[in-house]
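Q: Return atomic coordinates for the entry below.
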Amino acid sequence: MAADLWTALFIALLAVFVGYEVISRVPTLLHTPLMSGSNFIHGIVLVGGIVALGLANNGPELAIGLIATIMGAMNVTGGYVVTERILAMFDRTKKKGGPA
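A: Residues are numbered from 1 along each chain as shown. Predicted coordinates for the structure are as follows:
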């Protein structure tokens, strides 16, 4: 039992360090595509929350499924709003104020 805990802790710490190293080396130009990929992953989390909610048998399981579904929906919505705002900053078709 204790070995499983240490293994899980080791994997979590390794994921943190590897994730930090990978993200810190991403060029600025690639941040928007990575945000879109992140939104896709959050969509999968949302589907998982809905499945957990559908398979719930008691109160605590229902609560966890509901919280997972709500938080997954917030992540997806917020991620797409942020991505849209980032893309709007680079939109060259919009005219900046002044006379037409």
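Q: Phi and psi next, for Thr7.
A: Here the main-chain torsion angles of Thr7 (degrees, to the nearest 10) amount to phi -60, psi -50.
Q: What of Glu61?
A: Per-residue torsions, Glu61: phi -70, psi -40 (degrees, to the nearest 10).
Q: And Leu55, by the same measure?
A: As for Leu55, its main-chain torsions (degrees, to the nearest 10) stand at phi -90, psi 0.
Q: And for Arg25, the neighbour number?
A: Counted with other C-beta atoms under 10 Å, the neighbours of Arg25 add up to 7. (Each C-beta comes from the backbone N, C-alpha and C, glycine too.)
Q: Tell me the buried residues in the lowest-mean-pLDDT helix or strand in the chain?
A: Lowest mean confidence among the helices and strands of the chain (mean pLDDT, DSSP states H and E): helix 31-54, at a mean of 78. Using 16 or more other C-beta atoms under 10 Å as the test for burial, helix 31-54 gives 35, 39, 42-43, 45-46, 49, 52-53.
Q: Pull the residues that contact that helix.
A: Here helix 31-54 makes contact (C-beta atoms under 8 Å, 6 or more residues apart in numbering) with 26, 61-62, 64-73, 75-76, 79-80, 82-83, 86-87.
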